[in-house]
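# Take this sequence and fold it.
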Amino acid sequence: MSSTPLLRPRAGLFSPFPNANLLWKAGALIAALGIINGAFGAHALKRRIPDPAKLQAWGTASHYAIFNGVALLAISMHPRFSVHRFAGPAIGIGALVFSGSIWALTLDHGRRFKWLGPVTPLGGSLMIFG
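Residues are numbered from 1 along each chain as shown. Predicted coordinates for the structure are as follows:
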């Protein structure tokens, strides 16, 4: 292990985020959300949202959630990156912010979540930096 503070694992009963088990669970949950929302968008939303651009955005958010969930699953098995203090959390939080904001904006007919538009790129940036 490196002596870099970002890569130094901590011992103890309650390990700080991240740990391999938490990253595995987060990756599985994010991938499952992507699959569920992708199926929902392909079947139920087609009848409710006539705008093809919104449906395409929904699909993109679902794909990114799946890809980043799988990335977290892979990171959780890596000996160094499973305890890295930035990589896993950045990918997980970024995926939730990116995909979640797109899903909310797609479902928002009353424009209540309009403020999430500028938040979406922040989630994308976190995924890239992770």
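# check contacts around the most centrally placed residue in the chain.
Note on the chain: the residue nearest the mean C-alpha position is Ala95, at 2.1 Å, using C-alpha atoms, centre = their mean. Counting by C-beta atoms under 8 Å, 6 or more residues apart in numbering, Ala95 touches Ile30, Tyr64, Ala65, Asn68, Gly69, Leu72, Gly123, Met127. In this view, the C-beta of every residue, glycine as well, is placed from N, C-alpha and C.
# element containing it?
In the assignment (DSSP states H and E), Ala95 maps to helix 87-107.
# Just the mean pLDDT for that helix, thanks.
Across helix 87-107, pLDDT averages out at 91.
# after it comes which helix or strand?
On the C-terminal side of helix 87-107, the closest following helix or strand by DSSP H and E is helix 120-129.
# residue ranges with poor pLDDT in the protein?
Applying pLDDT under 70 to the chain flags residues 1-18, 110.
# you'd agree Ile91 is up against Ala74?
No. Here Ile91 does not reach Ala74: they are 10.1 Å apart, not a contact under C-beta atoms under 8 Å.
# With neighbour numbers in mind, choose between those two.
With neighbours defined as other C-beta atoms under 10 Å, Ile91 and Ala74 compare such that Ile91 has more, 27 against 14.
# what sits against the more buried one?
Going by C-beta under 8 Å, 6+ apart, Ile91 touches Asn68, Ala71, Leu72, Ile75, Leu126, Met127, Gly130.
# which one is it nearest to, not counting chain neighbours?
Excluding the flanking residues, the one nearest Ile91 by C-beta to C-beta, 6 or more residues apart in numbering is Gly130, at 3.6 Å.
# hang on, isn't that neighbour packed against Val97?
No. When contacts are counted by C-beta under 8 Å, Gly130 is not listed as touching Val97 (11.7 Å).
# Going by contacts, tell me the helices and strands next to the host helix or strand of Gly69.
Per DSSP H and E, Gly69 falls inside helix 52-76. Contact partners of helix 52-76 among helices and strands, from 3 or more C-beta pairs under 8 Å, 6 or more residues apart in numbering; DSSP states H and E: helix 20-43, helix 45-48, helix 87-107.
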